[in-house]
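[1] What would the 3D arrangement of this be:
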Amino acid sequence: MESMRRLAKIYYDVGEEGLRNKANKFFDSMDTKRDGKISLHEYLGFMASNHDGPLRHPEWFHILDKEKKGSLSREDVRTLYYMINSGRPFCIGCGAFVGTVYFTCVECFNVSCTLISVCLECYEANRIHHQHNQFLDNFALLQFQRTESPLPALKAPAGNPQDSDAEYPENTKELRRIAKAYLRSTLEDLEEQEKIKKFVESVGRDFQNFMKNKEYQRILGKKLELNCRDAKKFFKLLAKDPENGLDNSDVETFYYIVRSGRPFCGGNCGRFITRTFFTCLESLEEDHTKRFYLCWKCFKNGNFEKKDKFENKDPLILDNYALLHALGVGKKNTSSDDAIVSSSRQKNTRSNDAIVSSSRQ
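    Residues are numbered from 1 along each chain as shown. From the prediction side, this is the model:
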């Protein structure tokens, strides 16, 4: 829940005035006693009338209650507001709320813009009971919306148990697990297997040569056109054994990173973003070499030069989860009354520029 609270706070602190007003009205509409806090009775009554789904259950009141005082503060309710309006799903396998990466049915999203999703654990354990069998993780699904050569959809179920990843650094375990799932799923896809083979051979060979000559940037910048400012640091993150370079599993993970559109921060830190990133819709329309992404820290602290990155001087920026939801809602032509939007650093952006996100799934 901490990541949800952090993102909700970022939107409230950095976003436009209209977003803060909507979040405050959301709280006020729940606070029927007008005492500045939400009781369990108020929560259940409001959610029963205004929301369909697991968030109506009493357990979520207690999960949202950060201070464990038996009531929800404005901060708690802002977190709920973000969770609803960013389209975060519940897993169809175990029923749990998915706060990180999830796998979504491609056909359901394309046809009805509905997130039929499973968590990583349920995908690996084959706990998928759904009429369709083509899935993409939420990062790859966002990339799927903006490229002519998307990563092939996973075939469910995965078919193999989770491999041991105890030897990998904590901040890359999730990436490796997802990459392994894709590799297992594409074993019968000869075209994709040929692409993976060529990538592994090319990158593996070039990496060893570039390592010897200390030309870390060439393989990322010129060969793969990735906006990485510190290739040496990135390769150390990627490698299981940095002293001996990349092994095949490292390069296969790298292949997933490239194909799924995982970005590097365009702010001051320039680091590879393993989870939540921020970008704007106008950036997605650009050539992939011109797209601009921010990690949550650089976005929150304003550590980037907006005037050099966006033609629109008041760009509306969303995190990748909310943006995927907004793209789906855009297909449905949902009213902007339930919008969740964020301006990069401007407090008075125009409300009619909103990127829309529905408050009801």
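
[2] can you pull the pLDDT of residue 44?
    What the model reports for residue 44 is a pLDDT of 95.

[3] Next, the contact list for it, please.
    By C-beta atoms under 8 Å, 6 or more residues apart in numbering, the contact list for residue 44 reads 56, 58, 61. For the C-beta atoms, the positions are set from N, CA and C on the backbone; glycine is no exception.

[4] Which secondary structure element is home to the nearest residue to residue 32 once chain neighbours are set aside?
    Sequence neighbours aside, residue 42 is the residue nearest to residue 32 in space, at 5.5 Å (criterion: C-beta to C-beta, 6 or more residues apart in numbering). For residue 42, the element it lies in under DSSP states H and E is helix 40-50.

[5] Just give me how far that helix sits from the chain centre.
    Distance, stretch centre to chain centre, for helix 40-50: 29 Å (C-alpha atoms, centre = their mean, to the nearest Å).

[6] Any buried residues in that helix, and which?
    By 16 or more other C-beta atoms under 10 Å, the buried positions in helix 40-50 come out as 42-43, 46-47.

[7] same deal with stretch 73-84?
    Those would be 73-74, 76-84, for stretch 73-84 by 16+ other C-beta under 10 Å.

[8] And stretch 180-194, by the same measure?
    180-183, 185-186, 192.

[9] Now do the end-to-end distance for it.
    The straight-line separation of the ends of stretch 180-194 (C-alpha to C-alpha, to the nearest Å) is 16 Å.

[10] Average pLDDT for that stretch, rounded please.
    Mean predicted lDDT for stretch 180-194 stands at 83.

[11] Would you state the helices of the stretch 101-250 of the chain in chain order?
    Under the criterion DSSP state H, counting those that start in this stretch, the stretch 101-250 of the chain contains helices at 106-112, 120-124, 138-144, 170-185, 190-212, 216-218, 231-238, 248-259.

[12] which one of these is the most hemmed in?
    Sort those by mean neighbour count, taking mean count of other C-beta atoms under 10 Å, and helix 138-144 sits at the top with a mean of 24.

[13] Which strands or helices does that one pack on?
    strand 102-105, helix 106-112, helix 320-332 (3 or more C-beta pairs under 8 Å, 6 or more residues apart in numbering; DSSP states H and E).
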